[in-house]
Structure formats: structure tokens, C-alpha cells
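>>> Need coordinates for the following:
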Amino acid sequence: MPTIRAVTVDSESPAHLTISSVEAPVPAPNEALVRVHAISLNRGEVRGAQNARPGSRPGWDIAGVIEEPAANGAGPKNGDRVVGILPTAAWAELVAVPAANLAVLPDAVSFAQASTLPVAGLTALYALDRGDGLIGRNVLVTGASGGVGHLGVQMAANGGARVTGLVRQEKHIDFVREAGAHHVYADETGAAVKESGPFNLTLESVGGPVLASAIAAAAMFGRIVCYGASGGGDLNVDGGLIQRNRLTISGLGVFVDLNRETAGAGLGRLARMVEAGTLKPHIAFEAPWTDVGNAAQQLLDRAYPGKAVLLVS
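Now for the predicted structure:
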């Protein structure tokens, strides 16, 4: 059986991640083979790897070149530059990806830029899609210096919203303001954001007291989209407030929301924004994929804002 190299879980390696030899993928008729050039890391998959079974294969985000198009004729053609997403095992030099999960890249978009878009970009995009339009709306983004938050701030601001960003550390305030936020607060509880409310739409990724603060700062008929709980902690909320203000609080999981729109369609939207210069992924850490353990550990330690990208060679 032919083999390839892939990132696997190894409890003895830095951040429990290493590169191993695994069986080469055999694509289904609706899948294309992609030669991977770049991958990006997300906090969720890296945290999951810390307790995953040894030998299991993490990874969601890839960008590369079609080496073999889908046998059923769907999707990108041989030699196309693409960005794509998988629910697992994406971090490898060769992957089989459903054609519906791939988008062809404009020439102006690099593999590194593209690899930041799948999970972080689609999460932000789908969360903003749930709002009642953006022009003139007041939008709050918690975790605004993270991969999802930073992209969400840019898209909301470019869509005509007045954006408030919430971060944990003061050193990230300028970073979020430069992304287009009109107000930025560094506050562990989120209580400070009320000054810029009420908010029609909130993109919430922290949970605990920050979610409680977002609820308290929401506008009448406001919407809160929750896609993470990175901060944890207790949630103490006046349930009557939610009812009185007719708030809508919903969860978002990107792999579930792909049932609303194919990943390829969403990724195409994001790639065109990058091409136009209206969406600028921030790559804070870029290295060869052999440095996956170090990159993952720094992500766990919150050593940088934005995204980490690893180049596959």
C-alpha cells in the first residue's frame, strides 16, 4: 500500500503532534485528490489533539493543487489551485476532499492566505449571515484578536456595521482596531462593552461571564451567535432579560452549517474578498509543517493573535 506523510497524534511529541507515515488516500467518486501546499491551525483541533487517541489524525484547513479531479466530474479540474476543508485528517501532503468542499483560488490569493479561511473564515461568514443585514447595525465581536474574530471584525466593518471588539489583553487593542473595529475593549468579563451597545448582532466565542455581558448589552430583538467557549466560567443570566428583549441566542458549528451552503460556495466568497483586498488574513506564525508541535503549543499558550500557517513540502 502506498504511503504519504501526515500529522498524527503522539503523546511524546510537543503539543502531542508529529509527522508520521500513513496510508495514501483512495478517493471516492465525488472526491478530488489535492496535493497540499499549506495548512492552518485552529485552537479547537489543537486542543482536541491533547486528549486524542495516539495515531489519530487531526486537521481541518488545507490549500493546494488538484492532482486528480473527482471521478464523477464534479468540482475543480486537474491543476487547479484550491482551498478546502475536511472534518478530520486534513493535515497531510495528499488528501481526498469532496468536490463540494473545494473552491478554486484566484491567482492573487496565496496558498498561505487561503489556508486560513476554511474553519475561521466560514465560521465568521456564517455567523454574520445570521444577522438582519449589516449596514448601520451595531455588531459586537468577542475574542476579536483570534482567527475567527479578526476576520469577523473585518467583514462586519466592510459590510457597513459599527463594530466593537473585545479582547483579553491590552496589547491586542491596536491589532483589532486596525482590522476595522470602531471600539475595542480589553476586559476579561466583557462588562466594558456595554458602553458601546446595545448590539444588534454579537459573534461570541468566549462563554461564561463574557456571554452574560453580551446578553446584557444586546439590543431589543438582538441576535447572539455562539461558536465557542474559550474562556469558560460560570454563566449567570437573568432569563427574564432574554424574554423581555426577545433575544435570539443560537449555536454555530461550521460542519453543521455546511448543510445550508456548500463549503465550496462559502470559500469562494471568502477567496474573492481576499482577492479584492477587503479581507486580510493575519498570519502571525508561518513555518515548515515539520514545526507543527511548536506552532500548536504556541497557539495553546495564546502566544500570538491571528492564524498559524504551516507550509507542506
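
>>> looking at the protein, which helix or strand does the model trust least?
Here the helix or strand of the chain ranked lowest by mean pLDDT, DSSP states H and E is helix 239-244, holding a mean of 68.

>>> Could you name the helices and strands sitting against the lengthiest strand in the chain?
The strand that spans the most residues within the chain, counting by DSSP state E, is strand 31-41. For strand 31-41, the elements it packs on are strand 61-68, strand 81-85, strand 94-98, helix 111-115, helix 292-300, strand 307-311, judged by 3 or more C-beta pairs under 8 Å, 6 or more residues apart in numbering; DSSP states H and E. Backbone N, C-alpha and C define where each C-beta goes, glycine included.

>>> redo that, cut-off 7 Å
Taking 3 or more C-beta pairs under 7 Å, 6 or more residues apart in numbering; DSSP states H and E as the contact definition, the neighbouring helices and strands of strand 31-41 are strand 61-68, strand 94-98, helix 111-115, helix 292-300, strand 307-311.

>>> What pairs with that strand, parallel or antiparallel?
As defined by DSSP bridges, the strand partners of strand 31-41 come to strand 61-68 (antiparallel), strand 94-98 (antiparallel), strand 307-311 (antiparallel).

>>> Buried residues in the longest one, which are they?
Neighbour counts using 16 or more other C-beta atoms under 10 Å place Asp61, Ile62, Ala63, Gly64, Val65, Ile66 of strand 61-68 among the buried residues.

>>> Which residues outside that strand are in contact with it?
Contacts of strand 61-68 with the rest of the structure, by C-beta atoms under 7 Å, 6 or more residues apart in numbering, involve 27, 32-40, 42, 76-85, 90, 94-95, 111, 114-115, 118-119.

>>> go on, the last one?
Contacts with strand 307-311, where a contact means C-beta under 7 Å, 6+ apart, come from 37-41, 112, 115-116, 120, 147, 281-289, 291-292, 295, 299.

>>> The nearest residue to Thr3 once chain neighbours are set aside and Pro198: what is the separation?
Setting aside the residues directly before and after it, Thr3 is nearest to Ser21 in space (C-beta to C-beta, 6 or more residues apart in numbering), at 4.7 Å. Between Ser21 and Pro198 the distance is 55 Å, computed by C-beta to C-beta, to the nearest Å.

>>> More neighbours: which of those two?
Between Ser21 and Pro198, counted using other C-beta atoms under 10 Å, the more crowded position is Pro198 (14 against 10).

>>> Provide the contact partners of the strand or helix carrying Leu140 at residue level.
Following DSSP states H and E, the helix or strand that holds Leu140 is strand 138-142. For strand 138-142, contacts defined as C-beta under 7 Å, 6+ apart pick out 149, 152-153, 156, 161-166, 190, 193, 197-206, 210, 214, 217, 219.

>>> And for stretch 151-168?
120-121, 124-125, 127-128, 134-142, 144-145, 173, 176, 179-188, 190, 193, 196, 203, 210, 278-281.

>>> At which residues are the helices of this protein located?
If DSSP state H is used as the criterion, the helices of the chain fall at 43-49, 111-115, 122-129, 147-158, 173-178, 208-216, 239-244, 254-257, 263-276, 292-300.

>>> comparing the ones you listed, which gets the lowest mean pLDDT score?
Mean pLDDT across the helices of the chain is lowest at helix 239-244; the value there is a mean of 68.

>>> Pull the number of nearby residues for Pro29.
If you count neighbours by other C-beta under 10 Å, Pro29 ends up with 10.

>>> dump the residue contacts of it.
By C-beta under 7 Å, 6+ apart, the contact set of Pro29 is Ala70, Ala71, Asn72.

>>> and what of Met1?
Under the criterion of C-beta under 7 Å, 6+ apart, the neighbours of Met1 are Glu23.
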